[in-house]
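Undergrad: what follows is a predicted structure for the sequence shown.
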Amino acid sequence: MSFNTYFKHWLSFTSIQSVVALAIISTLPYFSAFAQNTPKGSIDWILVIDTSASMRGVGGTKNIFDQVKNSMTEFVNAARLGDTVTIYSFDKDVTLNANSIAISSNPERGQLKQTINSLQAQGVRTHTGKAVQKALQHSALLNQRADALGRTVSIVFLTDGLEDVRGIHNPVSIPSNTQLLPQQQCKPYVFFVSLGLKEHEKQLNDFANNPALCSKGQVLRDPGGVQLNKLAQNIRPVLVQPKLDLKLPKINSQPVLPGTTTKPFNFNSISNVNTTINLQLQDLNQSGINLIPPKNTIDLVANKPTVIPVHLQIPPEAKGGVHSLRLVLTATNKAIAPITIDLPVTIKPRLELQPTQINFGSIKVGKTTEIQTLVVKSNIPVTAKLQLQGNSKDISIAQPSAAISLQVGETKIPVQLGVADSSSEGKRTFTLVLIPDNAIANPISAEVHLAILMPLGRKIITWLLLVLLVLLIALMTICLIQRKTPLELLQDIRTRKKLEGALVVLEPLPKLLEDEEISLTQLHKSKILLSNLISAIDATNFDAELVTVWRAGKKNIDLRCLKGVIFVNTKKINTEELYDEDIIEINNVKLQFNWIERQRPSEPSSGQTNF
């Protein structure tokens, strides 16, 4: 008896049965195009069972949990050698009860039945979204196995009602799992078996109909679990129809240049029947991209893995950007529906700039240059901006002042530069870069030459400022060496040739106390006669002068004998360098020279000690 005849016979029993049967039959043409199995038709079953308390009648619902466990046991009994069975249970969380148990003998079936019998429907809440997430993640792992090609993954959810995530922190929503579907590569069948007497979760319908499931998702209504005992028998025939299994390669997203050939897209395929596959490329954007002949027809031998290589030729005049292509695989076996695969191809934008060197000539500071025209050739409409790089300090782009819209073909761009008032004189070489806002388009650049001129008046001011700066640095250096402030240095310069210190008259004592000490500093003179300072000397035929002398960078005060005989520290002299507290004797006048800045250096010891 054929499968369709069996279903027609089954329809005569109950209207509820007919609903389930029609749902399964209606999906056969869609499922057959994407079915996957090994030569033996091996299936990886992922059974996901709702263990919330409502499954056993808590809250006024019907107790269907024993029927659900019986149905899961039937799945185990119907599993064939080479199949695997994974069991998840879920309520507020998800539990992995059996992990890809391979059916090779009866002990494995017994192990799985024990696991099923141990399940209890005592949980609170119904975290359906997380159950979907765990099942899809497990399906993705199965599809990464070395023997995944030719196997079929079938996910079967058994639940009685609406999702309930009250009190669950950061719950996983059902729609959020759509992001996991692309990595499934159209592999798994997904059956949501809705067992509740009330309407099931509406989000399951949207998820099952998501295009990324490749028409392999379905929600089956079986209120009260009337047909659960035949669920396994009804699903398996859907999975073993004539079919072609494709393992999609990782699509190379690297942009390709116009006029080149793409690297091959290698599709691993296997069919459970002998057939011939015809390849056809649909160019939705009419970009001119073609399949490289002659390999547009592939012969497939039943149950033999075959690689289908796909090469694309990009025409030289192709526009840049993402082009939507579709590869359609049509089998001569009419039982296998055509397979459509999206092949997005990114053609790298090509930008060319002329000229590659621009000379703006000479320009004064604070002025703008003459306008130069750049010509940009592009194979894509794109927005770009100009930017200066390199030795472009104090130089700006006067125009264009905004972003530039480049069209396919040639675009002329008038460019004018501005030089700041603070810019320095000299020749400049820097780079003018055109940066597109398209991430896959490379910037292009031109070398810029520019001579900056400075007015004569500004040059003079600049040099004066430099001279002042040098003088200031020299002054600071001298201050550091001399350990004096600038004011002290200025005072030294003013008093450089002036006498300093004082003379104290010891004999004969003057009549007035204020006449005992004579300040040389306050005289503001570089030399003076003693006879002009002291009347007692003026009345004699003796005289000498005090004079300022610089030796080895130091100021000294010398005493020079002009008339008569003069003694300094009891030593007769003609010219003598004076030190602090030296005693001067001239005729009957005795003086003491005081200058604290000029201490007499210590003399070497004679080795004798005076007592």
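TA: Great, that's in hand.
Undergrad: for residue 103, which residues are in contact?
TA: By Cβ atoms under 8 Å, 6 or more residues apart in numbering, the contact set of residue 103 is 79, 80, 81, 82, 83, 84, 85, 109. (C-beta placed from N, C-alpha, C; glycine too.)
Undergrad: among the residues you listed, which are located in strands?
TA: 84, 85 (DSSP state E).
Undergrad: of the contacts of residue 103, closest to residue 200?
TA: Relative to residue 200, the closest of those is residue 85; by Cβ to Cβ it sits at 24.5 Å.
Undergrad: what's the burial count for that closest one?
TA: Neighbourhood size, residue 85 [other Cβ atoms under 10 Å]: 25.
Undergrad: so it touches residue 98, yeah?
TA: Yes: if you go by Cβ atoms under 8 Å, residue 85 and residue 98 touch, sitting 6.4 Å apart.
Undergrad: give me the common contacts of these two.
TA: What both residue 85 and residue 98 touch, as defined by Cβ under 8 Å, 6+ apart, is the set residue 112.
Undergrad: now name the helix or strand holding the closest residue to residue 441 other than its chain neighbours.
TA: Nearest in space to residue 441, with sequence neighbours left out and distances taken as Cβ to Cβ, 6 or more residues apart in numbering, is residue 349 at 3.8 Å. Assigned by DSSP states H and E, residue 349 belongs to no helix or strand.
Undergrad: and residue 349, backbone torsions?
TA: Here the main-chain torsion angles of residue 349 (degrees, to the nearest 10) amount to phi -60, psi 140.
Undergrad: wait, it touches residue 437, no?
TA: No: with contact defined as Cβ under 8 Å, residue 349 does not count as touching residue 437 (10.9 Å).
Undergrad: quickly list what's touching both of these two.
TA: With Cβ under 8 Å, 6+ apart, residue 349 and residue 437 have common neighbours residue 382.
Undergrad: hang on, the earlier thing: from residue 434, how far off is the residue nearest to residue 441?
TA: Distance, residue 349 to residue 434, using Cβ to Cβ, to the nearest Å: 12 Å.
Undergrad: give me every residue that touches the residue nearest to residue 441.
TA: 320, 321, 378, 379, 380, 382, 436, 438, 440, 441.
Undergrad: what's the farthest-apart pair in these?
TA: Taking Cβ to Cβ, no two of the contacts of residue 349 sit farther apart than 378 and 440, at 13.0 Å.
Undergrad: looking at these two, which is more packed in?
TA: Taking neighbours as other Cβ under 10 Å, residue 378 and residue 440 compare with residue 378 leading, 25 against 16.
Undergrad: now the more buried one. Its backbone dihedrals?
TA: phi -140, psi 150.
Undergrad: and the closest residue to it other than its chain neighbours, what are its bridge partners?
TA: Closest residue in space to residue 378, ignoring its immediate chain neighbours: residue 406 at 4.7 Å, by Cβ to Cβ, 6+ apart. Taking DSSP bridges as the rule, residue 406 bridges to residue 382.
Undergrad: again with the one 10 residues further on
TA: Applying DSSP bridges to residue 416 gives these bridge partners: residue 399.
Undergrad: contacts only, for it.
TA: 368, 369, 370, 371, 372, 397, 398, 399.
Undergrad: could you check the pLDDT of it?
TA: What the model reports as pLDDT for residue 416 is 94.
Undergrad: so what's the residue count around residue 47?
TA: Neighbour tally, residue 47, other Cβ under 10 Å: 25.
Undergrad: longest helix of the protein?
TA: Longest helix in the chain, counting residues (DSSP state H): helix 456-482.
Undergrad: report all helices and strands that that helix contacts.
TA: On a contact count with 3 or more Cβ pairs under 8 Å, 6 or more residues apart in numbering; DSSP states H and E, helix 456-482 meets helix 486-494.
Undergrad: 6 Å instead?
TA: Contact partners of helix 456-482 among helices and strands, from 3 or more Cβ pairs under 6 Å, 6 or more residues apart in numbering; DSSP states H and E: none.
Undergrad: report the angle between that helix and helix 486-494.
TA: 90 degrees (axes from the mean of the first three to the mean of the last three Cα atoms, to 10 degrees).
Undergrad: ranges for the helices of the protein?
TA: 3-10, 15-32, 65-78, 106-117, 128-143, 202-208, 231-239, 456-482, 486-494, 530-533, 535-538.
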